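# Curious how this folds, go ahead:
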Amino acid sequence: MNARLVLIPVAAAAIAFAVWKFVPASPADGPTPTPASTWRIGLGAQITQARNYHELAAESPIRLSFTCSEPRYVYVFSHSLEDGTVLMFPSAELKGGLANPLPAGNTVLPGVSADKELAWTTRSGILAVTTMVAIASRERIPELEELIGKVRYWSNCVLTTGDMVVTKAKEGMQVLGPPRSTKFPSPLLQRAAEFAITDDMPNGPMHEDTVLPGVWTTSWKVIEQKKG
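Residues are numbered from 1 along each chain as shown. Coordinates of the predicted model:
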């Protein structure tokens, strides 16, 4: 057998392997960075990290620190039996200098207004638990985009003081996830909420969704601290 006939295809294969190995992969080919999040209680330097089933006094300020090496669309919702489902981010009525997609790096939601840190707060009069859910995705999520404008939401545009409040349903608005509803009006949000049932630590790398590719979730359950 002619040795050259053997060596030529072997060499070609080696060259092809080298080209595949050392040519940089496109973003679609490379590993997808996993986003991370941390639920914070408090403002400024006076903050603590949340833990699951955290007992907090009513009106405790809450923020979400989100980190990813790539831009991400981020959605934050809460649900309780008393409030139903409430949109926390994004909202056209929330003026905090932030909008989707969030840039690569670290971002603290819900943002800053007039040099003042904005914060959601725990709600008063919640008898059981409030579940907060954060979702991150490379692309817009139609399932969640459809909820915007159909659920109650947080705003700092209602009061002249710029304080954060939960809006009432607009007249004639068909509210999804209304008060007394037992679940989120979205399968994705409900799947994310179920992680908090057994997950002791809601902070750190987010969980990959089991159904939608390129989507990560985290959730946190809060209990209102009883007075006295």
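
# can you list the weak-confidence ranges in the protein?
1-31, 228 (pLDDT under 70).

# So which residue is smack in the middle of it?
Nearest residue to the geometric centre of the chain (Cα atoms, centre = their mean): A134, 2.4 Å.

# Can you classify the closest residue in space to S186 that isn't next to it in sequence by secondary structure?
Excluding its sequence neighbours, the residue lying closest to S186 (Cβ to Cβ, 6 or more residues apart in numbering) is E143, at 5.7 Å. C-beta coordinates here come from the backbone N, C-alpha and C atoms, glycine included. In three-state terms, and counting by DSSP: H, G, I helix; E, B strand; the rest coil, E143 is helix.

# helix or strand for R191, which one?
Remark: R191 resides in helix 187-198, with elements defined by DSSP states H and E.

# Next, report how far stretch 187-205 is displaced from the centre of its chain.
Mean-position distance between stretch 187-205 and its chain equals 11 Å (Cα atoms, centre = their mean, to the nearest Å).

# if we can go back for a sec, the next helix or strand after the helix holding R191 pairs with which strands, parallel or anti?
Next along the chain after helix 187-198, taking DSSP H and E as the criterion, comes strand 204-205. Each strand paired with strand 204-205, and its direction, by DSSP bridges: strand 36-43 (antiparallel).

# buried stuff in the strand it pairs with?
36-41 (16 or more other Cβ atoms under 10 Å).

# For these, give me a markdown table that also has distance to N100.
Output for these, formatted as a markdown table (distance: Cβ to Cβ, whole Å):
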| residue | distance to N100 |
| --- | --- |
| A36 | 18 |
| S37 | 15 |
| T38 | 19 |
| W39 | 19 |
| R40 | 20 |
| I41 | 24 |
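
# between those residues, which is closest to F195?
Nearest to F195 among the buried residues of strand 36-43 is S37, at 12.2 Å by Cβ to Cβ.

# shouldn't that closest one be in contact with M201?
No. Counting by Cβ atoms under 8 Å, M201 is not a contact partner of S37; they are 11.5 Å apart.

# which residues sit in contact with T131?
Contacts for T131 (Cβ atoms under 8 Å, 6 or more residues apart in numbering) come out as 78-80, 193, 196, 219-222.

# Take those and keep only those in strands.
Applying DSSP state E to those, the entries found in strands are 78-80, 219-222.

# possible to save these as TSV with neighbour count and distance to E139?
Compiled in TSV, these are given as follows (neighbours: other Cβ atoms under 10 Å; distance: Cβ to Cβ, whole Å):
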residue	neighbour count	distance to E139
S78	27	23
H79	25	24
S80	23	29
S219	27	21
W220	27	24
K221	21	28
V222	27	29
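
# about what we covered before: show me which of the buried residues of strand 36-43 is closest to A114.
R40 (20.4 Å).

# Okay, and the beta partners of that closest one?
Under the criterion used (DSSP bridges), R40 bridges to Q49, R63.

# That one contacts H54, correct?
No. The criterion here is Cβ under 8 Å, and R40 misses it with H54 at 11.4 Å.

# on that earlier part again, the residue nearest to the centre of the chain and L102, how far apart?
11 Å (Cβ to Cβ, to the nearest Å).

# Setting the sequence-adjacent residues aside, check what's closest to N203.
T38 (4.4 Å).

# What of A114?
Nearest one to A114, counting by Cβ to Cβ, 6+ apart, is G162 at 6.9 Å.
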